[in-house]
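Colleague: Structure, please.
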Amino acid sequence: MKPSPMQQPVTDKNSPAAAPNNVYVGRQPIFDRNLKVYAYELLYRAAGQQAANVGFDGDSATTQTIINTFMEIGLDRLVLNKLAAINLTEKFLLEENRIPFSPKQAILEILEDIPVTPPLIDAIAKLAQAGYTIALDDYIFNPAHAPLLHLANIVKIDLRRLDQDGLKEHVAQLRQYNVKLLAEKIETPQEFIMCSNLGFDYFQGYFLSRPQIISAEKMPTNRLTIMNLLSVLHNPDSENEDLADAINTDVTTSYKLLKMINSAAFNLPRKVESIQHGVMLLGRRKLSSWASMLALNTLNDRPSEILRTAMVRAKMCELLAERAGQKPTESFFTVGLFSALDLIMQRPLPKLLEPLPLSPEITSALLYHKGILGDVLTCVMAYEVADWPNVQFARLNTQDILVANIEAVTWANGIIDTL
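Modeller: Now for the predicted structure:
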């Protein structure tokens, strides 16, 4: 049964115990005049914290919130079909292509302490043109802000910063602009009634709902692989094929990016089943933003031998497909790479595959070794344990399979040595 707007899409953990392998996001609903959830504001939270760490660097907090939302917990799980409101710092707004997610489910909150400069106005104008919903956070009226008011869709007014007369004056001044008004930090029934009578469109605060802490187990990522990916992204001489290869050298990076690309945040018209396809659809700039954010995070590494196994499987599946004339070879690489997900992430493979809209052929191959993709995976995994009767694929001879294994091992070792 589909949950109602007031139901929570994931388990609420109001005071989660600190867990070294967990990530956290604060989530507070924003209600419309009918008290239906219009959006969720997503907030930076560290382990066990009910409030943000005010001493934490703003850029890092925004980065961590975006990573946790899109690549760890998943936007779909956090907000269902509602909008996600995310605070952005000046750096995120001014750097072109720094905002890597689609405008379809995002409200960009412009923090109140960002200087209103011509570059900022130009940057916000481009974001508004691209279709993003723009909100001005903790707004205090200032004539210098007029250019932003012409670009904004929502203005958030903090009830703790204005008395009743000041609030009425702000509402009157803002009515001359084509913006919706959001009252935040509503803490009493009286404040809610007052804001409703003043004509506010949206409401947020402890009286309606306190922020909830949502947690999920963090998926490990090889930091050295991310750094290698960054070097490829920022090398003007590298090709898209080089970029796809750099991503494919780490299983969890591939998994996270593929999961994210196929989420509602990107709303692509067709599912993406390989990193190569994702590179073509998203482009280098957008992937560079994600890789840069991943590089800023402290991420755990898994034992290199497990990663080596996954890489050998992936390359060997691809090489056998090439020798047998099977296409697309990217699907064979994906099957080999993701076949070790359960070892790397220490979670059941069926659960890991759930958020990935892989083709039935790929899923069937991974879970049941069915079809041509399953046949090649059976062959490669049999080779690992010297199960010679099952080392066969598409009428290839023993020499073909042996050479494919040697080339795959050489390729994987070369990548690991480079890192």
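
Colleague: Need phi/psi at Ile134.
Modeller: Dihedral angles of Ile134 (phi, psi; degrees, to the nearest 10) stand at phi -110, psi 130.

Colleague: what's the burial count for it?
Modeller: 21 (other C-beta atoms under 10 Å). For the C-beta atoms, the positions are set from N, CA and C on the backbone; glycine is no exception.

Colleague: Which pLDDT value does the model give it?
Modeller: Looking at Ile134, its pLDDT stands at 96.

Colleague: How many residues are close by the nearest residue to it once chain neighbours are set aside?
Modeller: Spatial nearest neighbour of Ile134, excluding adjacent residues (C-beta to C-beta, 6 or more residues apart in numbering): Ala152 at 4.7 Å. The local packing of Ala152 (other C-beta under 10 Å) involves 24 other residues.

Colleague: List the residues that contact Ala152.
Modeller: 110, 134-136, 177, 179 (C-beta atoms under 8 Å, 6 or more residues apart in numbering).

Colleague: And the buried ones among the residues you listed, selectable in PyMOL?
Modeller: To isolate the buried members of these in PyMOL, using 16 or more other C-beta atoms under 10 Å:
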select buried, resi 110+134+135+136+179
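
Colleague: could you pull out the strands for the stretch 151-300 of the chain?
Modeller: Ranges of strands within the stretch 151-300 of the chain are 154-158, 180-184, 202-203, 212-217, based on DSSP state E, counting those that start in this stretch.

Colleague: which residues touch the second one?
Modeller: Just to be clear, that refers to strand 180-184. Outside strand 180-184, the residues that reach it (C-beta under 8 Å, 6+ apart) are 30, 135, 138, 153-159, 171, 174, 191, 195, 199-205.

Colleague: Just the buried ones out of these, please.
Modeller: 30, 135, 138, 154-159, 171, 174, 191, 195, 200, 202-205.

Colleague: Tyr139 and Ala125: what is the separation?
Modeller: According to C-beta to C-beta, to the nearest Å, Tyr139 and Ala125 sit 18 Å apart.

Colleague: more crowded one of those two?
Modeller: With neighbours defined as other C-beta under 10 Å, Tyr139 and Ala125 compare such that Tyr139 has more, 26 against 15.

Colleague: which residue sits closest to the more buried one, ignoring its sequence neighbours?
Modeller: In space, Tyr139 is closest to Val155, 4.9 Å off (C-beta to C-beta, 6+ apart).

Colleague: Contacts only, for that neighbour.
Modeller: 135-136, 139, 149, 174, 177, 179-182.

Colleague: Looking at these, which one is closest to Val403?
Modeller: Val403 has its nearest neighbour among the contacts of Val155 in Ala135, at 58.5 Å by C-beta to C-beta.

Colleague: doesn't the closest one fall inside a strand?
Modeller: Yes. Under DSSP: H, G, I helix; E, B strand; the rest coil, Ala135 sits within a strand.

Colleague: so it makes contact with Asn153?
Modeller: Yes. Ala135 is within contact range of Asn153, at 6.7 Å (criterion: C-beta atoms under 8 Å).

Colleague: Overlap of the contact sets of the two?
Modeller: With C-beta under 8 Å, 6+ apart as the test, Ala135 and Asn153 both reach Ile107.

Colleague: can you map out the helices along the stretch 301-419 of the chain?
Modeller: 304-324, 329-338, 341-345, 349-353, 360-368, 371-384, 398-418 (DSSP state H, counting those that start in this stretch).

Colleague: For Lys259, which of the ones you listed is the nearest?
Modeller: Comparing those by C-beta to C-beta, helix 349-353 comes nearest, at 9.2 Å.

Colleague: just to revisit the earlier point, tell me, what's the model's pLDDT at the residue nearest to Ile134?
Modeller: Looking at Ala152, the pLDDT reads 96.

Colleague: Tell me how far it lies from Ile213.
Modeller: On the measure of C-beta to C-beta, Ala152 and Ile213 end up 29 Å apart.

Colleague: One more: Pro29?
Modeller: For Pro29, the distance to Ile213 - C-beta to C-beta - is 14 Å.

Colleague: dump the residue contacts of Glu273.
Modeller: 258, 330-331, 334, 358-359, 362.

Colleague: between these, which is nearest Glu239?
Modeller: Glu330 (15.4 Å).

Colleague: How about the residue positioned nearest the centre of the chain: what's its closest non-neighbour residue?
Modeller: By C-alpha atoms, centre = their mean, the chain has its centre lying nearest to Phe70, at 2.0 Å. In space, and not counting its chain neighbours, Phe70 is closest to Met260: 5.1 Å by C-beta to C-beta, 6+ apart.
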